[in-house]
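> Need the 3D shape of this:
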Amino acid sequence: MKLGFIGLGQMGTGMAANLLKAGHEVVAYNRTAAKAAALERLGARRAATPAEACQGDAVVTMLADDDALEEIVFGAHGILAALAKGALHISASTISVALSRKLAAAHETSGQCYVAAPVFGRPDAAAAAQLFVVAAGPRDAIAHAEPIFQAIGKKSFILGEPAESANLVKLSGNFLIASVIEALGEAMALVAKGGVDQRQYLEILTSTLFSAPVYKTYGELIAERKYQPPGFIAPLGLKDIHLALSAAGELRVPMPLASLLRDRFLTLLANGGEGLDWSAIGQLAARDAGEI
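Model (predicted):
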């Protein structure tokens, strides 16, 4: 397929590289143009504007937040104006339910196709084509997107319509991950202050009832206090919790734990955590206990 790829951060670079390795033709755009250099060496062509990345069968966006995606889609030389009728926009970004709904309507009005396909996985999974894709949108559009999902991911989960249901799943999943990080941080602070080695404690947990990858990945980061370089930066964690709470407000679903997590992220950022991995909220309990 002839594809455009917009957004070459830690996740997007790995995803675009795997599309190239799968034999797709990729035209890549990033606001910081130098980030496309590694992909050019793999055979990608660098686009000077978002519009130049929208001349093929589909364009994939992997951007940080709602503002960045809105600018790319609705701005001058943006996706909405440049994408051909019948062509496909796949949004892999973690965005609000409201924006996903807006994008679906705008693309339909323009005669284009839109699929929401946020992914679960950190940058190492993106580089290894081991992401989990959660996709929603029109059936024909999803079928058209399947080769893209196969190139970037380990498994795809198809929800059907409406498109924003995929974003709701993604936000709820990130809420759960943040909940695990907070709970791990509290539990590990407790046993450490009681004289138990945190690494041995983590081995006990992950070898018995808590063998899921999320406990292993984030437990190790907390035990090692390895919050740099970030795989997912703390301000984006706060952003996702805000988006989950916004969706919950619209649907009238109380989420008291999400409100606590929002405050934990605010505490981290207020104390210089802007450049840390979001798992650094797991160190707050140890700090509160006087262990750091």
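> from here on, contacts and neighbour counts on C-alpha atoms
OK.
> ok, longest strand in this protein?
The residue-count maximum for a strand in the chain (DSSP state E) belongs to strand 153-160.
> List the buried residues of that one.
Buried residues in strand 153-160, counting neighbours by 16 or more other CA atoms under 10 Å, are found at 153, 156, 158-160.
> tell me the SS of L245?
With DSSP: H, G, I helix; E, B strand; the rest coil as the basis, the three-state label of L245 is helix.
> which residues touch it?
255, 258-259 (CA atoms under 8 Å, 6 or more residues apart in numbering).
> Please tell me which one of the residues you listed counts the most neighbours.
Using other CA atoms under 10 Å as the neighbour test, the contacts of L245 are led by A258, with 20 neighbours.
> Please report the distance of that residue from A87.
Taking CA to CA, to the nearest Å as the measure, A258 falls 37 Å from A87.
> Based on its surroundings, how many neighbours for A163?
If you count neighbours by other CA under 10 Å, A163 ends up with 24.
> before we move on, the earlier item: now the buried residues of strand 153-160 as CSV including distance to R225 and pLDDT?
Formatted as CSV, those follow (distance: CA to CA, whole Å; pLDDT from 0 to 100):
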residue, distance to R225, pLDDT
G153, 29, 97
S156, 32, 98
I158, 36, 98
L159, 37, 97
G160, 40, 90
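> Include distance to F265 when you put those into TSV, please.
Below are the buried residues of strand 153-160 laid out as TSV (distance: CA to CA, whole Å):
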residue	distance to F265
G153	29
S156	30
I158	31
L159	30
G160	33
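> For stretch 19-27, give the mean pLDDT please.
Stretch 19-27 shows an average pLDDT of 97 in the prediction.
> For it, which residues meet the burial criterion?
19-20, 24-27.
> what do you get for stretch 183-194?
For stretch 183-194, burial by neighbour count (16+ other CA under 10 Å) applies to 184-190, 192.
> what does that stretch contact?
197-198, 201, 215, 219, 222-223, 281-286, 289, 291.
> Now list the buried members of those.
Among those, those classed as buried by 16+ other CA under 10 Å are 198, 201, 215, 219, 222-223, 281-286.
> Tell me the one of those residues nearest S246?
For those, the minimum distance to S246 (CA to CA) is 21.1 Å, reached by I281.
> surely the closest one meets L268?
Yes - using CA atoms under 8 Å as the test, I281 is close enough to L268 to be in contact (6.3 Å).
> How about E161: what's its closest non-neighbour residue?
Nearest in space to E161, with sequence neighbours left out and distances taken as CA to CA, 6 or more residues apart in numbering, is G137 at 4.7 Å.
> what's the one you found in contact with, if anything?
Here G137 is in contact with 114-116, 159-164 (CA under 8 Å, 6+ apart).
> do A178 as well
237, 261, 279.
> ok, now A244?
96, 168, 171-172, 175, 258.
> just the buried members of those residues?
96, 168, 171-172, 175, 258.
> picking up where we left off before, where strands are concerned, which of the contacts of stretch 183-194 count?
Per DSSP E, those never map to strands.
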